[in-house]
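[1] How does the following fold in three dimensions:
(2 chains)
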Number of protein chains: 2
Amino acid sequence: MSLHAVILAGGSGTRFWPLSRAKKPKQFLALATGRPLIAETFLRVEPLSSSARTWVVCGKDHAAAVRAALPNLPEPHLVVEPVARNTAPAIGLACVHALREDPDATLMVLPSDHHIARPDAFRDALQTAARACQGGDLLTLGIKPARPETGYGYLRRGAEKSPGVFAVEAFVEKPDAATAQQYVRDPAYAWNAGIFVFRADAMLDALRRHLPAVHAGLTAAGDFAALPSISIDYGVMEPESKGSGRIALVPGDFGWSDVGSFAALPEVRQLDARGNALSGDTLAIDCDGCVVLAEAGRLVAAVGLEGVCVIDAGDAVLVVPRDRAQDVRAVVDALKASGRFERL
Amino acid sequence: MSLHAVILAGGSGTRFWPLSRAKKPKQFLALATGRPLIAETFLRVEPLSSSARTWVVCGKDHAAAVRAALPNLPEPHLVVEPVARNTAPAIGLACVHALREDPDATLMVLPSDHHIARPDAFRDALQTAARACQGGDLLTLGIKPARPETGYGYLRRGAEKSPGVFAVEAFVEKPDAATAQQYVRDPAYAWNAGIFVFRADAMLDALRRHLPAVHAGLTAAGDFAALPSISIDYGVMEPESKGSGRIALVPGDFGWSDVGSFAALPEVRQLDARGNALSGDTLAIDCDGCVVLAEAGRLVAAVGLEGVCVIDAGDAVLVVPRDRAQDVRAVVDALKASGRFERL
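    Down below sits the predicted model:
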């Protein structure tokens, strides 16, 4: 079994503005520890795959940032997409590259911008999945839900195929609040975190069957930009799960967080006695549950605040309640609308 | 009648940190308009006294800042106190200086750090007071209360001595909330704003009678630092009001504000449609009743906030709810305690 890590670094979200910028999206930010999320992702799986068998897929705008964050990544393993085409083409591209070096390659596909509190348990789950996929199944990790989250898709598991490995019975859309309350209490449901383990040849075969246009574009000298933009979940995993029985999951509970917004930082950071996540030159007086990031060397003082994020990124400061952290998008939209690209 | 303006600029408060600093207290900040409060004070009374008859009393740490803010102030009219000794010695010093130039001087004593929305009405009240003080009375302006304020002292007026001029019956301590509710409905009560009008010779005479040590120190070649620290209200006005009948007030309603903290800025500034006081490069999205000051040229974005002050002063950022604005003091105390004088 020859285990490769494939880190997907094509994301370009705006929910961490003003820390994140077009040239420096979330995966390059040190949101959880002193290292960028992508560097933590790299180091987390190095014990399984070694850096020599690690790959990164990213857009051309971010290739330099990847090199800077991952000095040990072999240069030919930086796979640059000419244009972003969602996860199915990106994963297909990684399969093609890995198979050229290693016809026996098993890939662990990892988002570059998540945090995992218990990496040992995470690696155990990956290894279970890697063993289980050798017969050609496509594996995913199913995260034990920590709360009745309505923002994620869920996986519903069926029969146990081998110890700790279950058939995936269905991919479930984001639920409403009442349904999410049921899922969180039902061990059959798990969060779909976009972490996959499979043999590269098996995935290419599945792409050939479900997304022939993608498969053809990848294997012939096709035009990547002409490929459809489609996710691996929607394009391969979900249709394959209907009938073939070849989609399986390994349940896991390893302190996963997708670090979805500033509001999530208290989940993944050291907190003070009153639940504040502070970094840099901060002074929090009589504050509770706040996020105060002074990334610019300036003093940031917060007094009497509850559940507020204060982010000083140097050329811009953001203040937003934690429960409105998703609305950072509105700032980015307003800056775009007024042509202030120097702040984006 | 020879009218002089005396601007008291000895204040050194901390409630506008991080905008205000030890070297640049509140009176030197442009809190209400584009000009520092002290410059607005100077210009507001210039039509009555002219700059040639304007005086400023300040501490030695702030003499340079006064000169910079008031280029038209005659250099000999900048009266520098060796040490701060509260308002009685400061006013006495101004009397001595003014009488040397003008034995007939009538002084209008003005705090340097207040805002007045209707300067015409203010000047009318000062002129009424100036006429009324020519027989030797000590006049003060009594501000019509705008709300049941518990943070100010009040004046209770008695009989009308001449049209628009009333005897002061009592100086009333800061009331509790229930008492303040009565005062705000009773035309006999006015806020004591520390604005005084009197003949300089009459005030010196009152100082001689009530504060002989202050009087002696001012008129002989005394040591200013040896003078007691005492306010003019407590040392002269209040004792004089008991019996002599020489303390009088002119009621006024001219949009006075002492600009007591960041929370007061919406009273004295232009507001947007949702009641936000914004200045500099700000972006307020779905905010109400906020104060957002971007004084450092950086973008400050506020999203979904209600009644929060966000102050970017360049080397420090402060975020505090409006109803906690007084607690800025705690930040200053914490900085002092940790020896961070570069931020004070």
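
[2] Touching, A:Val317 and B:Ala313? I think so.
    No: if you go by CB atoms under 8 Å, A:Val317 and B:Ala313 don't touch, sitting 11.2 Å apart. C-beta coordinates here come from the backbone N, C-alpha and C atoms, glycine included.

[3] neighbour count winner among these two?
    Ranked by neighbour count (other CB atoms under 10 Å in any protein chain shown), A:Val317 and B:Ala313 place A:Val317 first, with 27 against 20.

[4] Against chain B, how distant is A:Arg343?
    In this structure, A:Arg343 and chain B are 6 Å apart, going by CB to the nearest CB, to the nearest Å.

[5] my guess is A:Ala159 meets A:Ala188, correct?
    No: in this structure, A:Ala159 is not within contact of A:Ala188 by CB under 8 Å, at 10.9 Å.

[6] Neighbour count: the two, which is higher?
    Using other CB under 10 Å as the criterion, A:Ala159 and A:Ala188 rank with A:Ala188 on top: 15 against 9.

[7] got the contact list for that one?
    A:Arg156, A:Arg157, A:Glu169 (CB atoms under 8 Å, 6 or more residues apart in numbering or on different chains).

[8] Please apply the same query to A:Ala22.
    The contact partners of A:Ala22, by CB under 8 Å, 6+ apart, come to A:Ser12, A:Asp61, A:Leu344.

[9] now do A:Gly260
    Contacts of A:Gly260 (CB under 8 Å, 6+ apart): A:Arg15, A:Gly151.

[10] just A:Ala213 next, same as before
    Contact analysis of A:Ala213 by CB under 8 Å, 6+ apart lists A:Leu227, A:Pro228.

[11] quick one: it is in a strand?
    No: counting by DSSP: H, G, I helix; E, B strand; the rest coil, A:Ala213 falls outside a strand, being helix.

[12] And the worst-scoring helix or strand of chain A on mean pLDDT, what's buried?
    One helix or strand of chain A scores below all others by mean pLDDT, DSSP states H and E: helix A:212-219, with a mean of 91. Using 16 or more other CB atoms under 10 Å in any protein chain shown as the test for burial, helix A:212-219 gives A:Val214, A:His215, A:Gly217, A:Leu218.

[13] From B:Gly158, how far off is the last one?
    Just to be clear, that refers to A:Leu218. 95 Å (CB to CB, to the nearest Å).

[14] Also A:Ala117?
    Per CB to CB, A:Ala117 is found 73 Å from B:Gly158.

[15] Walk me through the regions of the stretch 151-300 of chain A where pLDDT falls short of the threshold, as ranges.
    Scanning the stretch 151-300 of chain A for pLDDT under 70 picks out A:221-222.

[16] change it to 90
    Low-confidence segments of the stretch 151-300 of chain A (pLDDT under 90): A:219-227, A:243-245, A:295-297.

[17] isn't A:Thr87 right up against A:Tyr234?
    No: assessed by CB under 8 Å, A:Thr87 is found out of contact with A:Tyr234, at 9.1 Å.

[18] For A:Pro18, list the residues it contacts.
    Applying CB under 8 Å, 6+ apart, we find A:Pro18 in contact with A:Ile311, A:Ala313, A:Asp315, A:Ala316, A:Val317, A:Leu318, A:Arg343, B:Leu299, B:Ala301.
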